[in-house]
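Novice: give me coordinates for this.
(one chain, ligands or ions: 1)
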Amino acid sequence: MKLTSEEQKMLGGEYGKTVQKCMKVLVALGDIYGAEHMIEVNNVHSPGVSYRVTGDAGLNYVKEASDGTVFKIPTTLNTIGIDYENWEAMEYPEEFAHKQIELSESYEKMGALCTNTCTPYLVGNVPMKGEHIAWGESSAIVFANSVLGARTNREGGPTALAAAVTGRVPAYGLHLDENRKGTHLIKVEMELKTDKDYAVMGYYVGRLVGSAVPVFEGIKERPRLESFKALGAALASSGAVALYHVIGFTPEAPVKEAVINGEVETIVFGQAEYDKVSEKFAMKGDIDFVVIGCPHVSINEMKEIADLLAGKKIKTGLWVCTSRQVKDLGERMGYVQTIIEAGGEVVCDTCPVLSFTLDRGYKTVATNSGKMAHYAPGLWNLQPIMLQVNECIQAAIDGKWGV
Ligand code: F3S
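Specialist: Predicted coordinates for the structure are as follows:
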């Protein structure tokens, strides 16, 4: 790989051992993918920050790197394993919480911004079209590539850390024009009204296309930000989609010809396909737990939830997961208090997938998220049901669904 003189200095150890080690990681990665050179990146969103995922090996790796190293570019942190300010009340095991705090503080020592969210684009990390970045967290990556038009591969903890330290990533994959074209045309033959409808479509398409680039045709109304968020998260969890286009609405696809050249495979998504996914995540009976906020909720979603809960009491557990910044705003607006008065919890910094498994005896979970529905059985042994937000709240109030 051709390196600039600055990059050669980094590789040669002129800036210290950690920078050298990071550059070695990036060069090795570039060699694997046939990259011809490095690209300068403007910011990082770092995954691998939940102690549940990293364990001691990851914690020690980051602690070692943090000894005197400072991040070269702005770096936000993904969702962690605890609610930083509320972990004791939530009964997290002390040892787990302390290890998580140690991990988070190591990142912060290097200059990372402790956003602790999978929606960095809702709290100020908003890259622009064509901007090269190094992001981890599948739902954030797909949002950055597709909705913002920025360029990132799927970075893991060590490569994101290496990018933050060096300001570089190897030039391959979605950084290059030729890999950003559509590979599948998805003909949308039904009207999508809610964020959950987009999540259902994402779940269906992700399973079929894997890590390819689907192009959605036939969507007539501009999806709201939260619908894009739901679509991407589901595409990236049932499949491994890191980039999609919606003709007429996402920045690289003003018209079909901009993203599709020649013949590509066509997939139809209509009522029958919608019903197939809905049947998979259908259930009648008692609901124990409701999770909204996978990815973390926006302030709009928090308001919707608060409006639905105003003056009501719930019978289930309810987690509304969000970033601390959105929670702070929600507190100022009174939304958080309304949710808590109804019996729910507004959980910050973490989520059920990345936090320590709290055994509260739940067996079923209602969610509007395709990602949560996908992971709930394997991670928490919970039977999931996918509902719209208003239905999730009704299920929480009634403690049951469909009976
Ligand atoms: Fe975010 Fe956790 Fe879902 S990180 S996307 S809330 S699995």
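Novice: what residue in the stretch 101-250 of the chain comes nearest to the ligand?
Specialist: Ranking the residues of the stretch 101-250 of the chain by distance to the ligand (C-beta to the nearest ligand atom) places C118 first, at 3.1 Å. Heads up, the C-betas are built off the backbone N, CA and C, glycines and all.
Novice: that residue: what's it in contact with?
Specialist: With contact taken as C-beta atoms under 8 Å, 6 or more residues apart in numbering, C118 is in contact with N78, T79, E137, S139, A140, P295, H296, C351.
Novice: where do the strands sit along the stretch 51-200 of the chain?
Specialist: With DSSP state E, counting those that start in this stretch as the definition, the stretch 51-200 of the chain shows strands at residue ranges 75-77, 134-135, 168-170, 184-188.
Novice: who's in contact with the first one?
Specialist: By C-beta under 8 Å, 6+ apart, the surrounding residues in contact with strand 75-77 are 43-46, 49, 104, 107, 110-117, 120, 123-125, 160, 164.
Novice: restricted to buried residues, select those residues in PyMOL.
Specialist: Here is the PyMOL command that selects the buried residues among the contacts of strand 75-77 (16 or more other C-beta atoms under 10 Å):
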select buried, resi 43+44+45+46+49+104+107+110+112+113+114+115+116+117+120+123+125+160+164
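Novice: isn't T18 right up against V70?
Specialist: No. At 9.8 Å, T18 and V70 do not qualify as touching, with contact defined as C-beta atoms under 8 Å.
Novice: who's more crowded, those two?
Specialist: T18 (20 against 11; other C-beta atoms under 10 Å).
Novice: quick one: mean pLDDT for stretch 108-115?
Specialist: In this model, stretch 108-115 has an average pLDDT of 97.
Novice: typed the wrong thing, it's stretch 24-44
Specialist: In the prediction, stretch 24-44 has an average pLDDT of 97.
Novice: what parts of the protein come near the ligand?
Specialist: T79, C118, S139, A233, C294, P295, H296, C321, C351, V353, L354, K371 (C-beta under 6 Å from any ligand atom).
Novice: show me which of those residues is closest to E95.
Specialist: The nearest member of the residues of the chain next to the ligand to E95, counting by C-beta to C-beta, is L354 at 17.2 Å.
Novice: give the contact list for the closest one.
Specialist: Under the criterion of C-beta under 8 Å, 6+ apart, the contact partners of L354 comprise S50, R52, V53, T79, I80, G81.
Novice: ok, now which ones touch the third one?
Specialist: The one in question is V53. The contact partners of V53, by C-beta under 8 Å, 6+ apart, come to P47, G81, G157, L354.
Novice: can you tell me which of the residues you listed are in helices?
Specialist: With helices taken from DSSP state H, the overlap with those comprises G157.
Novice: just the closest of the contacts of V53 to L243, please.
Specialist: Checking these against L243 with C-beta to C-beta, the nearest one is P47 at 17.3 Å.
Novice: surely that closest one touches P158?
Specialist: No. Under the criterion of C-beta under 8 Å, P47 makes no contact with P158, lying 10.1 Å away.
Novice: show me where the stretch 301-403 of the chain has strands.
Specialist: In the stretch 301-403 of the chain, the strands defined using DSSP E, counting those that start in this stretch lie at 317-322, 345-348, 364-367, 383-386, 400-401.
Novice: can you dump the C-alpha coordinates of the helix or strand of the chain with the lowest mean pLDDT into CSV?
Specialist: When each helix and strand of the chain is scored by mean pLDDT, DSSP states H and E, helix 370-380 comes last, with a mean of 89. This file holds the C-alpha atoms of helix 370-380, laid out as CSV (Å, rounded to 0.1, in the frame of the first residue of the first chain):
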residue,chain,number,x,y,z
GLY,A,370,-36.9,-5.2,13.9
LYS,A,371,-33.4,-5.3,15.5
MET,A,372,-34.8,-5.9,19.0
ALA,A,373,-37.2,-8.5,17.8
HIS,A,374,-34.3,-10.2,16.0
TYR,A,375,-32.0,-10.3,19.0
ALA,A,376,-34.5,-10.8,21.9
PRO,A,377,-34.9,-14.6,21.6
GLY,A,378,-31.2,-15.4,21.4
LEU,A,379,-29.9,-12.9,24.0
TRP,A,380,-32.7,-12.8,26.6
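Novice: flag every buried residue along it.
Specialist: Of all the residues in helix 370-380, those buried under the rule 16+ other C-beta under 10 Å are G370, K371, M372, A373, H374, Y375, A376, W380.
Novice: so S278 sits in a strand?
Specialist: No. When DSSP: H, G, I helix; E, B strand; the rest coil is applied, S278 is found to be helix, with no strand at that position.
Novice: who's in contact with the residue nearest to it when sequence neighbours are not counted?
Specialist: Excluding its sequence neighbours, the residue lying closest to S278 (C-beta to C-beta, 6 or more residues apart in numbering) is V200, at 6.4 Å. Applying C-beta under 8 Å, 6+ apart, we find V200 in contact with A234, Y274, V277, S278, G370, M386.
Novice: low-confidence stretches in this structure?
Specialist: Residues of the chain meeting the criterion pLDDT under 70: none.
Novice: how much space separates the residue most central in space within it from I247?
Specialist: Centre of the chain computed as the mean C-alpha position; nearest residue by C-alpha atoms, centre = their mean is S139, 3.0 Å away. Distance check for S139 against I247: by C-beta to C-beta, to the nearest Å, it reads 22 Å.
Novice: what of R207?
Specialist: Taking C-beta to C-beta as the measure, R207 falls 22 Å from I247.
Novice: neighbour count winner among those two?
Specialist: Taking neighbours as other C-beta under 10 Å, R207 and I247 compare with I247 leading, 22 against 15.
Novice: quick one on the thing from earlier: where neighbours are concerned, which of the contacts of C118 has the most?
Specialist: Highest neighbour count within the contacts of C118, by other C-beta under 10 Å: H296, with 33 neighbours.
Novice: dihedrals phi and psi, that residue?
Specialist: According to degrees, to the nearest 10, the main-chain angles of H296 amount to phi -50, psi 140.
Novice: element containing I267?
Specialist: strand 265-269 (DSSP states H and E).
Novice: what sits up against that strand?
Specialist: 183-190, 201, 204-205, 208-209, 214.
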